[in-house]
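S.K.: A structural model of the following input is requested.
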Amino acid sequence: MAFIENAIDYPSQFFDAGNGANPIGEILHLAREITGSDVLVPLERLHYDIVAMFSGKDLDFKGNTMPYHTLRHTMMVALAAMRYLHGLHFNGHRISPQALLQGMFCTYFHDSGMLLKSDDPATSGVVYISTHEKRSAQFLTEYVKKRELPPFLTDGVGIIIAYTWLSQDPATFPPHSKQQQMLGQVVGAADLLAQMADRYYLESLPLLFDELERGKLNLSRNVMELMENTAIFYRDVVLPRFTTKYSEVFDAMQNHFFVRYGINRNFYVESIEKNLNYLQTILKQCRDLDCIYAHLRRRPPEI
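M.R.: Numbers count the residues shown, from 1 in each chain. Purely as a prediction, here's the structure:
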């Protein structure tokens with residue numbers, strides 16, 4: 001079953017993973033088109049195990065405490081990553097079942113390092129925000145061992161997840177395989193695309209500011225300044241990363257949409273541009289947050 005009915009309109013739920021939308025059906029559909037049915041059982045189990053971890057139903061974890069990096073974010077990134085793999089597959093790349101699974105494991109776990117273990121004395125995962133990539137790789141490794149899954153799933157996962165670390169240049173990473181490089185680019189590009197294309201992205205920026213502020217990583221003095229710098233961030237950080245650090249995979253997203261829906265466009269980039277254009281329109285009209293919030297009336301789903 002397709003995740004949307006009318007692709008040409010790309011309605012808001014196209015990228016969504018909240019308000020009742022669950023992307024696992026589309027993720028499994030695309031996985032089957034790439035590799036057949038062998039990966040479906042472990043992939044579906046992974047999806048719902050991550051849901052349990054973030055929602056507090058896994059007894060080893062307290063559940064998510066972060067306002068921005070939520071379960072919904074993880075599911076949206078997982079959908080984008082699978083779309084990338086699908087586009088790569090139909091662009092002539094051989095995506096083996098092993099590569100698909102490892103890429104999706106790294107995607108689902110990429111922000112798990114901000115979760116709290118059940119015996120953790122901390123009250124918020126924000127204490128781990130600056131080191132969460134390494135912690136995420138650790139949690140992935142623990143999960144593979146706990147589920148008695150093939151050890152190859154843990155090979156190089158620290159490097160693959162590190163591709164999402166914007167302050168790091170993959171060219172400086174320890175030597176790693178071409179497959180790990182490709183998967184790292186998939187996870188890193190999906191992470192950026194999914195959050196910035198989200199229909200709730202602008203409403204979520206105050207939540208991101210809160211996380212960065214409490215994690216002592218904020219480069220903006222306040223929410224207003226973060227919003228003013230968002231277009232600059234996209235132009236000076238995100239776009240160059242797409243065209244250099246993620247250049248081997250980035251065009252595969254448009255190929256996915258062409259193969260899946262017969263439309264030769266990258267809806268993620270279009271949605272990002274739509275978000276940023278609306279943000280610039282608001283900023284031209286507003287001089288304070290009350291004015292901005294009056295133009296941003298959507299409430300991000302809490303999952």
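
S.K.: please make it C-alpha for all contacts and neighbour counts, starting now.
M.R.: Will do.

S.K.: against residue 87, how distant is residue 264?
M.R.: 12 Å (C-alpha to C-alpha, to the nearest Å).

S.K.: again but with residue 31, I slipped
M.R.: According to C-alpha to C-alpha, residue 31 and residue 87 sit 11 Å apart.

S.K.: same check on residue 122?
M.R.: 41 Å.

S.K.: who has more neighbours, those two?
M.R.: Neighbour tally, residue 122 and residue 87, criterion other C-alpha atoms under 10 Å: the higher count belongs to residue 87, 26 against 12.

S.K.: the nearest residue to that one once chain neighbours are set aside and residue 101, how far apart?
M.R.: In this structure, residue 87 finds its nearest non-sequential neighbour in residue 256, 4.0 Å apart by C-alpha to C-alpha, 6 or more residues apart in numbering. Between residue 256 and residue 101 the computed distance is 18 Å (C-alpha to C-alpha).

S.K.: more neighbours, the two?
M.R.: Taking neighbours as other C-alpha under 10 Å, residue 256 and residue 101 compare with residue 256 leading, 26 against 20.

S.K.: list the contacts of that one.
M.R.: Residue 256 makes contact with 83-84, 86-88, 90, according to C-alpha atoms under 8 Å, 6 or more residues apart in numbering.

S.K.: and it, how far from residue 88?
M.R.: Using C-alpha to C-alpha, residue 256 is found at 8 Å from residue 88.

S.K.: now residue 269
M.R.: 17 Å.

S.K.: buried residues in stretch 151-165?
M.R.: Going by neighbour count (16 or more other C-alpha atoms under 10 Å), the buried part of stretch 151-165 is 153-154, 156-164.

S.K.: residue 205: which of those is nearest?
M.R.: Using C-alpha to C-alpha, residue 164 is the member of the buried residues of stretch 151-165 that lies nearest residue 205, at 18.5 Å.

S.K.: assign a three-state SS to that closest one, would you?
M.R.: For residue 164, the secondary structure call by DSSP: H, G, I helix; E, B strand; the rest coil comes out as coil.

S.K.: so it is in contact with residue 186, correct?
M.R.: No - counting by C-alpha atoms under 8 Å, residue 164 sits too far from residue 186 to count as a contact (9.4 Å).

S.K.: overlap of the contact sets of those two?
M.R.: Shared contacts of residue 164 and residue 186 (C-alpha under 8 Å, 6+ apart): none.

S.K.: picking up where we left off before, highest neighbour count among the contacts of residue 256?
M.R.: Busiest of the contacts of residue 256 [other C-alpha under 10 Å] is residue 86, holding 28 neighbours.

S.K.: give me the below-cutoff pLDDT ranges for this protein.
M.R.: Scanning the chain for pLDDT under 70 picks out 1-20.
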